[in-house]
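Enquirer: Sequence plus predicted model, see below.
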Amino acid sequence: MTVVKSTLPDAARQVVGDALQGTLVDLLGLSLIGKQAHWNIVGPRFRSIHLQIDEVVATARTYSDTVAERAATLGIPPDGRPETIATTCALQAPKHGGWIQDTEVVSLLIEALETVIAQLRERIDATDEADRVTQDLLIGLTAELEKHRWMFQAEDWPS
């Protein structure tokens, strides 16, 4: 059943749908990893990193809504169910439950952001011909996540 008709041809809609769904899963996964780290971080840089993680989570949550609504606008039902996130998210969760050292949190966030950014760059290329409006959304998101990565990488200096 198609409730919302797409303005895109079927082939373009498939490409865009895959890009948006993958991005939605990545963003929801990133926000969950971020919150897990936010709640469990310990160490001398607790406060600054604790607050910095909330900025990443806010970006992920805001953009996940924008990405899902873009999909719905194009007649592509977004899937943010927990089982979908659990089975399709490629991000590495913290290695264990419980407290996480601040240095480990920084590495975790850098790795997660790098994974999402790499996926987004592929999706930017894929949507170039299919839908430049979606591509523009992905480009803006990539810029935001790259800024967050830069800030976490600066926390990791000099390693």
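Expert: Nice, I can see it.

Enquirer: tell me the secondary structure for Lys95?
Expert: coil (DSSP: H, G, I helix; E, B strand; the rest coil).

Enquirer: for the residue nearest the centre of the chain, what are its contacts?
Expert: The chain has Leu27 as the residue nearest its centroid, 2.7 Å off, counting by Cα atoms, centre = their mean. If a contact means Cβ atoms under 8 Å, 6 or more residues apart in numbering, then Leu27 has Ala60, Arg61, Tyr63, Ser64, Val67, Val116 as its contacts. For the C-beta atoms, the positions are set from N, CA and C on the backbone; glycine is no exception.

Enquirer: Closest to Ala90 out of those?
Expert: For those, the minimum distance to Ala90 (Cβ to Cβ) is 9.0 Å, reached by Val116.

Enquirer: what's the helix or strand for that closest one?
Expert: helix 102-130 (DSSP states H and E).

Enquirer: Pull out the buried positions in that helix.
Expert: Across helix 102-130, burial judged by 16 or more other Cβ atoms under 10 Å covers 102, 104-110, 112-113, 115-117, 119-120, 123-124, 126-127, 130.

Enquirer: And stretch 78-92, by the same measure?
Expert: Here stretch 78-92 shows Pro78, Ile85, Cys89, Leu91 as buried, counting by 16+ other Cβ under 10 Å.

Enquirer: need the longest helix for this protein.
Expert: helix 10-40 (DSSP state H).

Enquirer: what about the closest residue to Leu30 other than its chain neighbours, neighbour count?
Expert: Spatially, and ignoring its direct neighbours in sequence, Leu30 is nearest to Ala60 (4.5 Å; Cβ to Cβ, 6 or more residues apart in numbering). Around Ala60 there are 27 other residues, counting by other Cβ atoms under 10 Å.

Enquirer: Run through the residues that contact Ala60.
Expert: Leu27, Leu28, Leu30, Ser31, Gly34.
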